[in-house]
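Student: kindly return the folded structure for what I paste below:
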Amino acid sequence: MNATHVELPGSRRAPPQNAHRVRDLDPHQRIDVTVTLKGPDLPRPDQMPTHTLSKNEIDSRWGVPRANVQKVESVLRSFGLHVTDVKQGGRSLRVSGSTAAMTAAFQPKLGIYHFLGHGEMRGREGPLMVPSELEGLITGVDGLDQRQMASRHAAVGAKARRAAGPKKRTVAKRRRAAPLAAAIGGGPSGRLTPTDIQRLYNFPPGDGAGQTVFIAEFGSPLGNGQVLPPAYIPSDVAQFCNDHGVPPPSVQIKPIDIAPLNQQQYETLSQQLPAETANLLFAQTAETMMDIEIVAGLCPKADIHVYFASWTQKGWIDFLDDATSGNPATPVAISISYGLAEDSHDWSPDALKSINDRLQIAAMQGITVCVSSGDDGTGCDQSGRRCHVEFPASSPFVLSVGGTMLMSGANGQANEVVWFESPGQRTPRGGGATGGGVSVLNPRPSWQTAHVASLNPQAPDGRIVPDVAALAGPPLYDNLLDGEPFPGGGTSASAPVWAALIARINASLPANKKQRFMAPLLYDAKVAQSGFRDIVSGQNASSPNPGIGYQAGPGFDAVTGLGVPDGAKLLATL
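Tutor: Numbering: from 1, shown residues only. Predicted structure coming up:
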């Protein structure tokens, strides 16, 4: 060990999965990182403040002393690094410099790796080191590694549908959904419209006026340090709203380290890119447009801010730093339709803590971060026989949202059950299931007044995922992309439904009950009993791994949580 450096606890990263190292980095290449500083310990989940705090109150109570920030800045400058921004009351420094300077300051084992299916990008393995005079002041350094740290939870089989073309896609879904269309309404395609969703979940009256909702979107790594952003097509949002009889919303685009493509760029690249990359562009653009259209259709008068970041640990951290900055506004809800197995070897422990701390700061500001629980059942796209849940859905500082589907029942009535389509995980031929289970990393908060035994032997009594649910599977959502209808779904759709519902509820609450982190409140016995419709049928086993899953039943369970909402009754009890 270098005598002038010490190991940064929690910074060790395993070698990137499905990748091999091919060469060293250019020492002159610029690298941007986010450095997390040690501040006063945040409260435990069961000791959270009982009232909502402003950003300034949080910064004053849990911010980093200015002298510590200045010391870190001074030492990093001595290595040739530059601090470009300070956020989170000094907890978060954005730092840039050459590969040589980063290597001198943090001594990472860096390299260019070839990632299967993604080409070449920067990666690291092993621990990080920090200058000894900064020991105990720095708790995380993120951005040196560009590996993908999320998967989208969107409609299954997007690649196959893209290849099939719009006409074939629409006809196939219309046949499947037709019996349910008569039972619950449904648009011409048989998929559910905003009006159907409001009816299904008894939304309280309103249009979200005066509310602000944030949406997180991420871009995929392409290799050579490049990221493929999704597109944002404003004309689709306007047409979608016109088709469904609601006014077009105010949508603000917030690039963090990537900006969305426009419609012309999307259409050009769709024709020029190799088929696999074009399908990827379609899938992530479909994700973006679905998220926005769901919120717009349910809260057309809300202010919608859409943030775009890269799929890295740094991307997660930078998004949450910006989203909780209060500039330009503090949202009542954030919708996140992405995640990764919490025990994936790709996470570094310090990054999990850094993200969790920022989610906690959001919760203390009264922001309800709605996170989809995943689309791959208990497997979470991991190998082996153990069950998994995804992060950040397993954080105790979010509202974790699972998925349901509608089945034709007796007398043509729609029966809502757990979303499960064989084999319980996404494949090129379809399939998928709601994520759900028991966390092995995050303890169960005291406000989660329920108990579900983990299916993993000798596992801790962890946080149970999800808290709540909404439609994720058939008959899917009626969405629009590049002027063509497409079927949206997955727990990626459930999360924005809940974000929109929270905005609608918040708009009608008295002033002293507005802007509150909703997850703990929903477990109140009166709220849980009257504000939800229980889902009692279905399970979420993914096959072949792990081949077992959690079962729905009367009361709380680890597939749909408290159930699906009755919005008007939730408003009344809250």
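
Student: the strands in the stretch 401-550 of the chain, which residues?
Tutor: Using DSSP state E, counting those that start in this stretch, the strands found in the stretch 401-550 of the chain span residues 414-418, 420-421, 432-433, 437-443, 462-465, 468-471, 477-481, 484-488, 532-533.

Student: take the ones you listed and lay them out in TSV including mean pLDDT.
Tutor: Shown next, in TSV, are the strands of the stretch 401-550 of the chain (pLDDT from 0 to 100):
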stretch	mean pLDDT
strand 414-418	95
strand 420-421	98
strand 432-433	98
strand 437-443	97
strand 462-465	98
strand 468-471	98
strand 477-481	97
strand 484-488	95
strand 532-533	98
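
Student: ranking those by burial, who's on top?
Tutor: Sort those by mean neighbour count, taking mean count of other CB atoms under 10 Å, and strand 432-433 sits at the top with a mean of 34. C-beta: built from backbone N, CA, C; applies to glycine.

Student: can you map out the strands along the stretch 101-250 of the chain?
Tutor: Using DSSP E, counting those that start in this stretch, the strands of the stretch 101-250 of the chain run over residues 109-115, 119-125, 129-131, 138-142, 151-152, 212-223, 226-228, 250-255.

Student: I'd say residue 330 and residue 211 touch.
Tutor: No. Shown here, residue 330 and residue 211 do not form a contact pair, counting by CB atoms under 8 Å, at 11.0 Å.

Student: which of the two has more neighbours?
Tutor: Each of residue 330 and residue 211 has its neighbours counted (other CB atoms under 10 Å); residue 211 has more, 26 against 19.

Student: count of neighbours near the closest residue to the more buried one other than its chain neighbours?
Tutor: Spatial nearest neighbour of residue 211, chain neighbours left out: residue 503 (4.0 Å); criterion: CB to CB, 6 or more residues apart in numbering. Residues lying near residue 503 (other CB under 10 Å) number 28.

Student: how far away is residue 503 from residue 22?
Tutor: From residue 503 across to residue 22, the span is 47 Å (CB to CB, to the nearest Å).

Student: same check on residue 50?
Tutor: On the measure of CB to CB, residue 50 and residue 22 end up 54 Å apart.

Student: neighbour count: those two, which is higher?
Tutor: Between residue 50 and residue 22, counted using other CB under 10 Å, the more crowded position is residue 22 (10 against 5).

Student: what residues does stretch 230-241 touch?
Tutor: 217, 219, 247-249, 251, 253, 260-263, 265-266, 281, 284-285, 287-289, 292-293, 296-297, 300, 306, 308, 479-483 (CB atoms under 8 Å, 6 or more residues apart in numbering).

Student: give me the buried subset of the residues you listed.
Tutor: When neighbours are counted using 16 or more other CB atoms under 10 Å, the contacts of stretch 230-241 contain these buried positions: 217, 219, 249, 251, 260-261, 263, 266, 281, 284-285, 287-289, 292-293, 296-297, 300, 306, 308, 479-482.

Student: can you give the domain ranges for this structure?
Tutor: 5-142, 151-573 (automatic domain parsing).

Student: now do the end-to-end distance for the longest one.
Tutor: The first and final residues of domain 151-573 sit 35 Å from each other (CA to CA, to the nearest Å).

Student: okay, now the unreliable bits of this protein?
Tutor: Residue ranges of the chain with pLDDT under 70: 1-3, 154-188.

Student: is residue 341 bridged to anything, and to what?
Tutor: Here residue 341 sits in beta bridges with residue 390, as judged by DSSP bridges.

Student: and for it, the neighbour number?
Tutor: So residue 341, with other CB under 10 Å, has 22 neighbours.

Student: can you check residue 86 too?
Tutor: 17.

Student: which residues touch it?
Tutor: Going by CB under 8 Å, 6+ apart, residue 86 touches 69, 92-94.

Student: out of those residues, which is nearest to residue 355?
Tutor: Proximity of these to residue 355 (CB to CB) peaks at residue 92, which lies at 11.6 Å.

Student: nearest spatial neighbour of the closest one, skipping sequence neighbours?
Tutor: In this structure, residue 92 finds its nearest non-sequential neighbour in residue 321, 5.0 Å apart by CB to CB, 6+ apart.

Student: do the same with residue 528
Tutor: residue 562 (5.4 Å).

Student: ok, the one you found - contacts?
Tutor: So residue 562 contacts 467-468, 522-523, 528, 532, 556 (CB under 8 Å, 6+ apart).

Student: residue 12 too?
Tutor: 126-127, 348-349.

Student: widest-spaced pair of those residues?
Tutor: Within those, 126 and 349 form the most distant pair, 13.5 Å apart (CB to CB).

Student: tell me the buried residues in stretch 190-207?
Tutor: Buried residues in stretch 190-207, defined by neighbour count with 16+ other CB under 10 Å: 190-198, 200-204, 206-207.

Student: nearest to residue 342 among those residues?
Tutor: The closest of the buried residues of stretch 190-207, once distances to residue 342 are taken by CB to CB, is residue 201, at 28.3 Å.

Student: which ones are touching the closest one?
Tutor: By CB under 8 Å, 6+ apart, the contact list for residue 201 reads 470, 497, 501, 564-567.

Student: I'd guessed residue 396 sits against residue 45; true?
Tutor: Yes. Here residue 396 reaches residue 45: they are 4.2 Å apart, a contact under CB under 8 Å.

Student: more crowded one of these two?
Tutor: Neighbours were tallied for residue 396 and for residue 45 using other CB under 10 Å; the higher tally belongs to residue 396 (25 against 21).

Student: got phi/psi on that one?
Tutor: When read as degrees, to the nearest 10, the backbone of residue 396 gives phi -80, psi 0.

Student: anything in contact with each of residue 396 and residue 45?
Tutor: 443, 445.

Student: what about the helices in the stretch 101-250 of the chain?
Tutor: Ranges of helices within the stretch 101-250 of the chain are 158-164, 166-184, 194-200, 234-243, based on DSSP state H, counting those that start in this stretch.

Student: and the third one, what does it pack against?
Tutor: Read it as helix 194-200. helix 166-184, helix 275-298 (3 or more CB pairs under 8 Å, 6 or more residues apart in numbering; DSSP states H and E).

Student: only the buried residues of stretch 30-44, if you could.
Tutor: 31, 33-37, 39, 42.

Student: please apply the same query to stretch 15-29.
Tutor: 15-16, 19, 25.

Student: quick revisit: right, and the strands of the stretch 101-250 of the chain - which one's nearest residue 571?
Tutor: Minimum separation from residue 571 across these (CB to CB) falls at strand 212-223, 17.0 Å.

Student: so the closest one versus strand 250-255, what angle?
Tutor: Counting by axes from the mean of the first three to the mean of the last three CA atoms, to 10 degrees, strand 212-223 points 40 degrees away from the direction of strand 250-255.

Student: isn't residue 267 up against residue 482?
Tutor: Yes. At 6.8 Å, residue 267 counts as touching residue 482 under the criterion of CB under 8 Å.
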